[in-house]
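In: Okay, here's the prediction I keep looking at, along with the sequence it came from:
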Amino acid sequence: MIISLLNQKGGTGKTTLAVNMAREYTKRTFKTLLVDSDSQGSALRWHEESGGDLIDLTCLPVTTLDKDVVKFKDRYERIIIDGIPRMSPLTVCAIKAADVVLMPVPPSPYDIWATEDLVKLVKQRIEMTEGKLKAAFIVSRMIKGTTLGKEIHEQLMTYDLPVFVHGTCQRQEYAKSVAEGRTVCEAMTEATKEIVAIVNELEDFYHGTN
Ligand SMILES: Nc1ncnc2c1ncn2[C@@H]1O[C@H](COP(=O)(O)OP(=O)(O)O)[C@@H](O)[C@H]1O
Ligand SMILES: [Mg+2]
């Protein structure tokens, strides 16, 4: 399965989800490859900090991404593409390459509005592939104790694409783990539980059991 984490805005949690989900998959003994498609290389930088042992990573900030990534399909059961924070031909390539597009969106109207162009592209691709491409939103960086998470769920539903039940809350552990060159999956915290729940939901979503 090739999973593309996409949102044309920066700071929506693409890299955070990509790194942690990839690690959760490796813990489940799936052969997993993390693909950094951003020439700024946040995932690459994290990989260096981690010492390189936790997750396999490759960088493909090129418009041949969709063709190049397929070559890894024999060797890896799960390939996670960390998308770039702008709309570019690379975004189209990451959509083309994907079996599943996940779009992390923080609970703010600006972030919801900013997904409009991406949603159009994703829907076009779903149509072209006759529904073979699956896509969903993930609410990221929710603030505990506010109703914004619930409101954003409702607003995202108006885009007519599924919204994952599970998402991430704003938690220090996500940034702390990066600073320490690890993921949230190296310990068992509330953040770990979020990632486990997201990966479970993704597996059900992909295999059509929900
Ligand atoms: N759920 C979260 N809780 C706390 N901090 C987060 C969370 N998700 C992301 N961050 C932090 O927000 C910043 C941007 O996140 P990042 O994953 O790099 O976004 P993107 O890849 O979409 O630009 C990073 O500093 C990251 O550590
Ligand atoms: Mg990023």
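Out: Now that the structure is in, tell me what you want to look at. Numbers count the residues shown, from 1 in each chain. Ligands and ions are numbered 1, 2, ... in the order given.
In: Give me the phi and psi angles of Val119.
Out: phi -60, psi -40 (degrees, to the nearest 10).
In: likewise Val178?
Out: According to degrees, to the nearest 10, Val178 has phi -60, psi -50.
In: From the contact counts, what lies against the lowest-mean-pLDDT helix or strand in the chain?
Out: Every helix and strand of the chain was ranked by mean pLDDT, DSSP states H and E. The lowest is helix 148-157, at a mean of 84. Contacts defined by 3 or more C-beta pairs under 8 Å, 6 or more residues apart in numbering; DSSP states H and E place helix 148-157 against helix 109-114, strand 134-139. Any C-beta I mention is one placed from the backbone N, CA and C, and that applies to glycine too.
In: So Gly145 belongs to a helix, correct?
Out: No. Gly145: not assigned to a helix; according to DSSP: H, G, I helix; E, B strand; the rest coil it is coil.
In: tally of neighbours for it?
Out: 8 (other C-beta atoms under 10 Å).
In: for His207, same thing?
Out: His207, neighbours per other C-beta under 10 Å, totals 9.
In: Check the gap between it and Glu201 for me.
Out: Distance of His207 to Glu201, computed by C-beta to C-beta, to the nearest Å: 11 Å.
In: Quick check: the gap between Ala97 and ligand 2.
Out: Distance, Ala97 to ligand 2, using C-beta to the ion, to the nearest Å: 17 Å.
In: Could you verify my assumption that that residue touches Lys73?
Out: No. In this structure, Ala97 is not within contact of Lys73 by C-beta atoms under 8 Å, at 9.9 Å.
In: Nearest residue to Gly51 in space, please, no chain neighbours.
Out: Leaving aside its sequence neighbours, Gly51 sits nearest to Gly181 (C-beta to C-beta, 6 or more residues apart in numbering; 6.5 Å).
In: Now do the same for that neighbour: helix, strand or coil?
Out: Gly181 - assigned by three-state DSSP - is coil.
In: so what's it up against?
Out: Going by C-beta atoms under 8 Å, 6 or more residues apart in numbering, Gly181 touches Trp46, Glu49, Ser50, Gly51.
In: mind redoing it with 10 Å?
Out: Trp46, His47, Glu48, Glu49, Ser50, Gly51, Gly52, Leu54 (C-beta atoms under 10 Å, 6 or more residues apart in numbering).
In: Count the neighbours of Asp111 for me.
Out: 19.
In: wait, I meant Leu57
Out: 22.
In: what's the closest non-adjacent residue to the closest residue to ligand 2 within the chain?
Out: Closest residue of the chain to ligand 2, C-beta to the ion: Thr15 (3.3 Å). Leaving aside its sequence neighbours, Thr15 sits nearest to Ser42 (C-beta to C-beta, 6+ apart; 4.5 Å).
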